[in-house]
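>>> I would like to see how this sequence folds:
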Amino acid sequence: MRGQYSAYGQRSGGGVVFVLFLVGVILTICLYFVKMRAQTAKAEAAQLEQIVRSEEIAIKVLKAELAHLESPSRLSELSSKKLELSPIQASQMIIAKDIVEIFPLRVAETEVQP
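Reported below is the predicted structural model:
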């Protein structure tokens, strides 16, 4: 006896084995593509992490530069050298009501020149 035949004249076990083999091949191919996409995503994540690290370093450098540029001693030195400014004295301060007396409003001439 060579094998058992079904009612339709085909081997009963051969078709199932072929379908299982075909499913195994399809799953293997799908697994390969999933693995490749995971590796690509991992490489992209590593590249993005490197970019983030370099941007964080650039931010630290810029913060240090800003701290230097905004330092009070540097600004004081520049204001005295370049702008010839000096610190405000108490005698230079006025209150709001004294502004009109010190800086009177100009009266606009209403005459029209003929």
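
>>> Following the chain past the helix ranked longest in the chain, name the next helix or strand.
For the chain, the helix that runs over the most residues, judged by DSSP state H, is helix 12-69. Where DSSP states H and E defines the elements, the next helix or strand beyond helix 12-69 is helix 72-81.

>>> in the helix or strand just after that next one, what counts as buried?
Helices and strands here follow DSSP H and E; after helix 72-81, the next one along the chain is helix 98-102. Buried positions in helix 98-102, judged by neighbour count with 16 or more other CB atoms under 10 Å: none. Backbone N, C-alpha and C define where each C-beta goes, glycine included.

>>> So which residues make contact with helix 98-102?
Under the contact criterion CB atoms under 8 Å, 6 or more residues apart in numbering, helix 98-102 has outside partners I94.

>>> Only the C-alpha atoms, please, for it, written as PDB.
Extracted in PDB, the C-alpha atoms of helix 98-102 (Å, rounded to 0.1, in the frame of the first residue of the first chain):
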ATOM      1  CA  ASP A  98       8.300 117.000  38.600                       C
ATOM      2  CA  ILE A  99       8.500 115.900  35.000                       C
ATOM      3  CA  VAL A 100       6.100 118.600  33.800                       C
ATOM      4  CA  GLU A 101       8.100 121.300  35.600                       C
ATOM      5  CA  ILE A 102      11.400 120.100  34.400                       C
END
